[in-house]
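Chemist: Got a sequence here, can you model it:
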Amino acid sequence: MGNFDTVNLIYLVVLLVMVAGWFFMQSREGLNKTLQYGAVWAMIFIGGAAAVGLWQDISRDARTPQFSVAGSDQIVVPRARDGHYYLTAQVNDAAVRFVVDTGATDMVLTQADAKRAGLDPETLAYLGRANTANGEVRTAFVRLEQVQLGEIVDRDVAAVVNEGQMEQSLLGMGYLQRWGRIEIAGGELILTR
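Modeler: Here you go, the predicted structure:
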């Protein structure tokens, strides 16, 4: 535990002891009433601590860049708090947020992302099959006019649109193989052409 964390912990313990002492000193009104006040203050205290913790997480994630361009041929993606790597690419001039998934064979678009990229999921031929953690789903093969990541633009990119429910589009090996080198080091995913 760091020095700053220790000081904060001591401060919180002293504050808690003071509030608890005040409740017990007020026992003239009855122990039941004191316990009610104690429960209310405990909920306020826990809620405040949770709000501070969430705010720190939100502000830290907001300050972390999604990816950085290191030269004209390298993309550096920091690992997110959940352990995954996320990045946004321009797909047919629409911003699509992907989770990098080296276990996925193809670039997989959700129906919503496919629609934003100018494809009509209603008219696609879902002839393919894919095995996912949720079972087998039908997929439709598509060709994307362009995919832009940083300054790098790829044209005529193969992808599939998932007919099933997906929370996030996947940036799978079908696209990642276009990069000459894929490296994970120091909490960063580094894509190099």
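
Chemist: so where is the protein shaky, pLDDT-wise?
Modeler: Applying pLDDT under 70 to the chain flags residues 1-4, 22-31, 34, 55-71.

Chemist: can you give me the helices in it?
Modeler: Here the chain has its helices, by DSSP state H, at 3-25, 31-63, 111-116, 173-176.

Chemist: And the first one, what does it pack against?
Modeler: Pointing back at helix 3-25 there. Where contact means 3 or more CB pairs under 8 Å, 6 or more residues apart in numbering; DSSP states H and E, helix 3-25 is packed against helix 31-63. All C-beta spots, glycine's among them, are computed from the backbone N, C-alpha and C.

Chemist: re the thing from before, JSON lines for the helices of the chain, including distance to Leu189?
Modeler: JSON lines is the format used below for these (distance: least, CB to CB, whole Å):
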{"stretch": "helix 3-25", "distance to Leu189": "29"}
{"stretch": "helix 31-63", "distance to Leu189": "17"}
{"stretch": "helix 111-116", "distance to Leu189": "20"}
{"stretch": "helix 173-176", "distance to Leu189": "10"}
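
Chemist: From Lys115, how far off is the spatially closest residue to Ile190 that is not a sequence neighbour?
Modeler: The shortest distance from Ile190 to any non-neighbouring residue, by CB to CB, 6 or more residues apart in numbering, is to Glu183 (4.5 Å). Applying CB to CB, to the nearest Å, the value for Glu183 to Lys115 is 34 Å.

Chemist: And for Ala95?
Modeler: 13 Å.

Chemist: who's more crowded, those two?
Modeler: Legend: neighbour count by other CB atoms under 10 Å for Ala95 and Lys115, higher for Lys115 (15 against 12).

Chemist: Kindly tell me how buried the residue nearest to the more buried one when sequence neighbours are not counted is, as a neighbour count.
Modeler: Closest residue to Lys115 apart from its sequence neighbours, by CB to CB, 6+ apart: Pro121 at 5.9 Å. By other CB under 10 Å, 18 other residues sit near Pro121.

Chemist: Next: the one 3 residues further on.
Modeler: When counting by other CB under 10 Å, one arrives at 18 neighbours for Leu124.

Chemist: now Thr88
Modeler: Thr88: 12 surrounding residues under other CB under 10 Å.

Chemist: Does it touch Arg97 like I think?
Modeler: Yes. Counting by CB atoms under 8 Å, Thr88 does reach Arg97; the two are 4.8 Å apart.

Chemist: buried ones in the longest strand seen in the chain?
Modeler: Assignment by DSSP state E gives strand 135-149 as the longest strand of the chain. Buried residues in strand 135-149, counted by 16 or more other CB atoms under 10 Å: 137-140, 142, 144, 147, 149.
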